[in-house]
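K.L.:
I'd like to go over a predicted model; first the sequence, then the structure.
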Amino acid sequence: MILEEEAVNFGKSLIVPSVQELAKQPIIDIPPRYIRSHDYSPIATHDSCLPSVPVIDLQKLASVDYELERLHLACKEWGFFQVINHGVSISLLEKFKLEIENFFKLPYEEKKQLWQEPDNHEGFGQLFVVSEDQKLDWSDMFYITTLPLNLRNTQLFNKLPPNLREVLETYSMEVKKLAMGILDHMAKALNMDCQEMRDS
């Protein structure tokens, strides 16, 4: 039985001003919504005693048993990990980075066409803004679902600059392929059938 996927709903997010546009104004004081108190500090002061995030070498996963064990422990004890030698080409990553930088440099009038709508979290803006008093990040963000295709907002996707659309499509497929490969290795570490893991 094939289940139809439903659109992911992060809920509504209040529309906030563009930080890039705010920064262009000759303001003397930063607006209060962007100032956080000194007691709000996610930065640890004694980082020498913190454990480091597990790093998994994907090239070694295929041939070295201890790397598979490291993947298993990372999943079990951390729930996440960094990957190296992942196979996504550096040239693609650099091209994607460049297109994203160009995207954020678009004139405001063009970006307004891609701004969040009141009933949708996708587009330029910030996620999870639920009150007018909430502290905001000093940044503009852009959120879009790329995969699976049936969840993609094609109207928004088609408004993206053509070069960005093309590289985003390629990047999405490469990352999907990478994710499927990692799932296969996770299945192997758990002595599961790969297809069973992909179907879960």
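P.N.:
Okay, I see it.

K.L.:
what's the helix or strand for Glu69?
P.N.:
helix 65-73 (DSSP states H and E).

K.L.:
how far does that helix sit from its chain's centre?
P.N.:
Centre-to-centre, helix 65-73 and its host chain are 25 Å apart (CA atoms, centre = their mean, to the nearest Å).

K.L.:
within its sheet, name the partner strands of the helix or strand following that helix and how each one runs.
P.N.:
Sequence-wise, the next helix or strand downstream of helix 65-73 (DSSP H and E) is strand 82-84. Sheet pairing of strand 82-84 (DSSP bridges) gives strand 55-57 (parallel).

K.L.:
next one: phi and psi at the spatially most central residue of the chain?
P.N.:
In the chain, the residue lying closest to the centroid (CA atoms, centre = their mean) is Tyr143, at 8.2 Å. Dihedral angles of Tyr143 (phi, psi; degrees, to the nearest 10) stand at phi -120, psi 130.

K.L.:
which ones are touching it?
P.N.:
121-123, 125, 127 (CB atoms under 8 Å, 6 or more residues apart in numbering). The way it works is simple: take the backbone N, C-alpha and C, and place the C-beta from them, glycine included.

K.L.:
related to what we said a few turns ago, who are the packing partners of the helix holding Glu69?
P.N.:
Under the contact criterion of 3 or more CB pairs under 8 Å, 6 or more residues apart in numbering; DSSP states H and E, helix 65-73 touches strand 55-57, helix 58-61, helix 162-189.

K.L.:
possible to save those as a markdown table with mean neighbour count and mean pLDDT?
P.N.:
Converted to a markdown table, the helices and strands packed on helix 65-73 look like this (neighbours: other CB atoms under 10 Å; pLDDT from 0 to 100):
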| stretch | mean neighbour count | mean pLDDT |
| --- | --- | --- |
| strand 55-57 | 15 | 94 |
| helix 58-61 | 17 | 90 |
| helix 162-189 | 15 | 94 |
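
K.L.:
can I get these in JSON lines with distance to Gln82?
P.N.:
Rendered in JSON lines, the data for those read as follows (distance: least, CB to CB, whole Å):
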{"stretch": "strand 55-57", "distance to Gln82": "5"}
{"stretch": "helix 58-61", "distance to Gln82": "11"}
{"stretch": "helix 162-189", "distance to Gln82": "12"}
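
K.L.:
out of the ones you listed, which comes closest to Glu110?
P.N.:
Glu110 lies closest to helix 162-189 among the helices and strands packed on helix 65-73, at 12.0 Å (CB to CB).

K.L.:
and that closest one with helix 65-73, angle?
P.N.:
With axes from the mean of the first three to the mean of the last three CA atoms, to 10 degrees applied, the angle from helix 162-189 to helix 65-73 works out at 100 degrees.
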